[in-house]
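Asker: compute the structure for the input listed below.
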Amino acid sequence: MVSQEQRRKQLAREKRIRQQQRRAAAQRRARQRTILIGAALGLLLVVAGGLWVGGVFDGDSGDSSAQDPCGKPAAGKVKPLSFKKEPALAIDKSADYTMELDTTCGSIGIAMDAGAAPHTVNSFRFLAGKGYFDHTRCHRLTTGTVNVLQCGDPRGDGEGDPGYTLDDENLKDKRLRGDVYPAGTVAMANKYNAQTGKGRDSGGSQFFLVYRDTQLPPDYTPFGTVSKSGMKVLKKIADAGEDSGGGDGAPNATVVIDKATVRTS
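Answerer: Okay, the predicted model is just below:
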């Protein structure tokens, strides 16, 4: 996926435009507000009195849990696992593999394409079997032109990996026409830098789930498709937003993978 530095520059430009638009709108509202204040003040006092009597102001009206649509993580800790090399290819390329992510927000099923991305699918099957993804937090949510939830990092800071790297696969997938990763695509994150041309074949364990069509060049191995029920879970997570307010941060929802399982269909 695009680096956080590139993403920050893009978001900074978009933020400046939004700020200019907000300032202009605020000036218009201020002019209108001076006309309405006198009449509105009397009405506000009447309504406020009614609300006070009704108990709306009694105690703390804020509910932090309302902002987090997900449940509590299952008991357990992330396993600090690392491996010296990619596991030997042990899958059947003609078989149908499914990865099930049991998360605090609901179950996300992923149909995996073993024929088009055999090394990637083989790696996920290996890591899931070792419990590598269990109790890991999905650490990144982006919005705007890039609309993805990023997971698979045991460290939770965007720097974790399994100790080995994977070659890029399936970059000519027909679904990626027009530099768009369609909603429902599951693909590998990597360290490729399009400006320098460096960082190919740098996939590890981190992956992203596209919850809305996303503008990205075909540089990230697509290896799966989210189920319809899984897309509903992703929408719930995306609707809760991210904590930076700038379009690239940690999800406000507590998204933890309690258990990841890969099996043949």
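Asker: mind checking the SS state of residue 11?
Answerer: helix (DSSP: H, G, I helix; E, B strand; the rest coil).
Asker: how close does it sit to residue 253?
Answerer: 20 Å (Cβ to Cβ, to the nearest Å). Where C-beta positions appear, they are placed from N, C-alpha and C, glycine not excepted.
Asker: who has more neighbours, those two?
Answerer: Taking other Cβ atoms under 10 Å, residue 11 and residue 253 do not tie; residue 253 has more neighbours (24 against 20).
Asker: just the element for the more buried one, please.
Answerer: Assigned by DSSP states H and E, residue 253 belongs to no helix or strand.
Asker: okay, and the beta partners of the residue most central in space within the chain?
Answerer: Closest residue to the average C-alpha location of the chain: residue 149 at 1.1 Å, with Cα atoms, centre = their mean. Note on residue 149: beta-bridge partners residue 141, residue 209, judged by DSSP bridges.
Asker: next one: it, what pLDDT does it get?
Answerer: Note on residue 149: pLDDT of 98.
Asker: that one reaches residue 233, doesn't it?
Answerer: No: counting by Cβ atoms under 8 Å, residue 149 does not reach residue 233; the two are 9.7 Å apart.
Asker: thinking again about what came up before, any idea how far the residue nearest to the centre of the chain is from residue 94?
Answerer: 30 Å.
Asker: how about residue 76?
Answerer: With Cβ to Cβ as the criterion, residue 76 and residue 94 are 35 Å apart.
Asker: looking at these two, which one has more neighbours?
Answerer: The neighbour comparison of residue 76 against residue 94 (other Cβ under 10 Å) goes to residue 76, with 12 against 7.
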